[in-house]
Structure formats: C-alpha cells, structure tokens
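Need the 3D shape of this:
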Amino acid sequence: MSLVIKNLEGGYGTLQILFGVDMDVKNNNITVLIGPNGAGKSTVLKSIFNLCTITKGTITYEGKDITALPTHKRLANGIAFVPQGRPVFSSMTVKENLEMGAFLTKERKIIDERMEAVLKHFPILREKLNQNAFTLSGGQQQMLAIGRALMQRPKLLLLDEPSLGLAPKTMQELFAKIQQINKEGVAILMVEQNAKSACAIADEIYVLEEGKVALHGDKSILQHEKLKHIYLGGHGHS
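I've put the predicted structure just below:
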C-alpha cells in the first residue's frame, strides 16, 4: 500500500498553489520532491497533513481516503511531518522534546523503547538528553525534530527541506540517517532544495513546476533537458 494523490488542487484560502498534482509514494521508498521556489512543494506536504485548503482531488493512504481527515487522525494512522526550519521546543530539554513526540502513547515502557530506538539513530542526542534544545547545533536540532517525529512510530515520514542551512558534511550525515530510517521500514517523502544530494538517495523523483508535476522518474531524470529549464526559470515561494 502507499500514499496516492490524485488531481490535487489547493492552497491557502483563495490563493491556489496546486493545479492537479498526481503522485504515488510507495511503501519502502524514498520519494523526493524537487523544483524551484514557488513550485508548491511545501504545499503538497501540508496538504497531506491537512494544513492547507484542498479544493479538489483526493489523498488516499493505505487504501483509505484521508482527504478530509483531521491532522491528529493522520498522525494516529502513521503519518508524521517535520516542517522546515527545525521546529523544536527550544526551552525544553532534548528528552522532553522526544517525549512530546509520543503524546499519543500513555505507556511509559513504550515511550522508553521508542526513545531508545531514536537514540540509536542519533547517538549525539543521547549525550545531550538533559540539555535544552536551543543549545544544539542546527544539524542536531534537525536530528531532534526528526527523532521527535519518529517517536510516533510512523509508517510515512514527510520531511520539508531537512538540509536547509546545514553545512555539506552535516547534510550528508543527515541523508545517511534518512536512508537508515527508510531501510527500517519507514516510507519517506522529502522536499529538498538541494536536488543533487536528495536525488542521490531517492528511489523516485517528482519535479514540481508552478503547482504541477512537470517530470517524474528515477535518478536518470536529472539529465533531462527540461530540468535545467525549470530550475533556471523558477521564481516565487514554495
């Protein structure tokens, strides 16, 4: 099963950003969504998480229509979202941030088991469990934001610009972690400005242009003439 988006139109209030988007995010895959600023990439993720207005089309997950499902029910169905900008609770400790991610679970034993699994992925967080999140570097905050989302044990993880503002070495480390998370059975849908590095770990790539899917395929589409035109001609905000 997977996430299937059909003929999606939507945006914010009366501002339409998406114009008939079709996508299929398969289980076990890393799917990457690239395109110039203003193409609507973040809006696709927000629509999957019910954070923008959908005016037309359907979103189906694991065979169920979730187009109108409230956000908290999407969480309960196994979809987690890490918005761009490393959203952590800065005055809380790393441990408290991770616990916040497991708010759907009341059992301490399960929370502890999940935290242990997250700390295996991100050993640096173990060293900083009792530090406030604002003391972490940008890369560590991004790992914490992803770790918090993993506390829900999602089957599908949505990542919006995870490498934003990170040094190249930190970005490569983070992408290696994302691959590891995917190998453990979590499907990934990632929006990335750093197209080359993101596509290097992708199974499937969608290129968005002006709210529509302009190209879709595997890594070979990076050689596509059309891609150069899309990137050189892009303007606006996503």
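
Need the three-state assignment for the residue most central in space within the chain.
By Cα atoms, centre = their mean, the mean C-alpha position of the chain lies nearest to Leu159, the distance being 1.5 Å. Secondary structure assignment for Leu159 (DSSP: H, G, I helix; E, B strand; the rest coil): strand.

hey, what's it bridged with?
Leu159 forms beta bridges with Val82, Met190, as assigned by DSSP bridges.

That one is in contact with Met190, isn't it?
Yes. The pair Leu159 / Met190 is scored as a contact, 4.3 Å apart, by Cβ atoms under 8 Å. Using the backbone N, CA and C atoms, a C-beta is placed for each residue, glycine as well.

which residues do these two both contact?
Common contact partners of Leu159 and Met190 (Cβ atoms under 8 Å, 6 or more residues apart in numbering): Ile178.

Need the contact partners of the longest helix that the chain contains.
Determined from DSSP state H, the single longest helix within the chain is helix 168-183. If you take Cβ under 8 Å, 6+ apart as the criterion, helix 168-183 is touched by 28-30, 121-122, 137-139, 142-143, 146, 150, 157, 159, 162-163, 166, 188, 190, 194, 197-198, 200-201.

hmm, 10 Å instead?
Residues outside helix 168-183 that contact it (Cβ atoms under 10 Å, 6 or more residues apart in numbering) are 28-30, 118, 120-122, 124, 137-140, 142-143, 146-147, 149-150, 154, 157, 159, 162-167, 186-188, 190, 192, 194, 197-198, 200-201, 203.

How about stretch 69-76?
By Cβ under 10 Å, 6+ apart, the list of residues contacting stretch 69-76 reads 48-51, 59, 61, 66, 77, 79-81, 103-104, 149, 152, 154, 156, 158.

re earlier: now, which of the contacts of helix 168-183 lie within strands?
Of the positions in the contacts of helix 168-183, Ile30, Leu157, Leu159, Ala187, Ile188, Met190 sit in strands, assigned by DSSP state E.
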